[in-house]
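**Q** I'd like to go over a predicted model; first the sequence, then the structure.
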Amino acid sequence: MTRFFKTVAFALVAVVAAAVPAQAQDFKVIVNSANSTSDLTAEVAAKPFLKQTSKFPNGTSAQPVDLGKASPVRAAFSKAVLSRPVPAVETYWQQQIFSGKDVPPAAKASDDDVIAFVKANPGAIGYVSAGASTAGVKVIDVK
């Protein structure tokens, strides 16, 4: 019976570990260097990506940019900040498009493309892998 409890305990640990959101070190959230925003809660950071707001709390226009659907960085960001996996976000956007409400943010192929977009657009907000060089943009803290 002891072996049974060890197996159950191991299974529970595995389930709990899988349910824990991705850690912030998997990605960095970036904004244009001219943006005065320095931190956001995950709930506030999610709103531009779901187009539930078009402005940062400081009043600056918000222009979100995503990485491609297959990106592991996008998966980590979606789970940690949007509180849903990428397929659920895709379903959300299908519903928004079908109802004529909005279209998803632009998606870029690489960290470099996201950084270039954020540099070129004063209201841009995006995310890149934790190891990406973020010279020329501002990394913000998402709590």
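**A** Received the coordinates, thanks.

**Q** can you pull out the strands in the protein?
**A** According to DSSP state E, the chain carries its strands in the segments 27-32, 39-40, 63-67, 106-108, 124-129, 137-142.

**Q** List the contacts of the most centrally placed residue in the chain.
**A** Residue closest to the mean C-alpha point of the chain, counted by CA atoms, centre = their mean, is Phe77 at 3.3 Å. Under the criterion of CB atoms under 8 Å, 6 or more residues apart in numbering, the neighbours of Phe77 are Ala22, Asp26, Phe27, Val29, Leu67, Tyr127. C-beta here means a position set from N, CA and C on the backbone, and glycine is covered the same way.

**Q** ok now do Ser61, which residues does it touch?
**A** With contact taken as CB under 8 Å, 6+ apart, Ser61 is in contact with Ser54, Lys55, Pro122, Gly123.

**Q** brain fart, Val81
**A** By CB under 8 Å, 6+ apart, Val81 lies in contact with Val29, Ala42, Ala45, Ala46, Phe49, Tyr127, Val142.

**Q** who wins for most neighbours among the residues you listed?
**A** When the contacts of Val81 are compared by neighbour count (other CB atoms under 10 Å), Tyr127 ends up highest, at 30 neighbours.

**Q** Now do that one against Val29, distance only.
**A** To Val29, Tyr127 is 5 Å away according to CB to CB, to the nearest Å.

**Q** Over to Ser36?
**A** 15 Å.

**Q** low-confidence ranges in this protein?
**A** 1-25 (pLDDT under 70).

**Q** In helices only, show me the contacts of Ser61.
**A** In helices, judged by DSSP state H, none of the contacts of Ser61 are found.

**Q** farthest-separated two in the residues you listed?
**A** Largest separation among those by CB to CB: Ser54 and Pro122, giving 13.6 Å.

**Q** want to try a markdown table for the strands of the chain, with distance to Val118 as columns?
**A** Rendered in a markdown table, the data for the strands of the chain read as follows (distance: least, CB to CB, whole Å):
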| stretch | distance to Val118 |
| --- | --- |
| strand 27-32 | 5 |
| strand 39-40 | 15 |
| strand 63-67 | 7 |
| strand 106-108 | 10 |
| strand 124-129 | 4 |
| strand 137-142 | 5 |
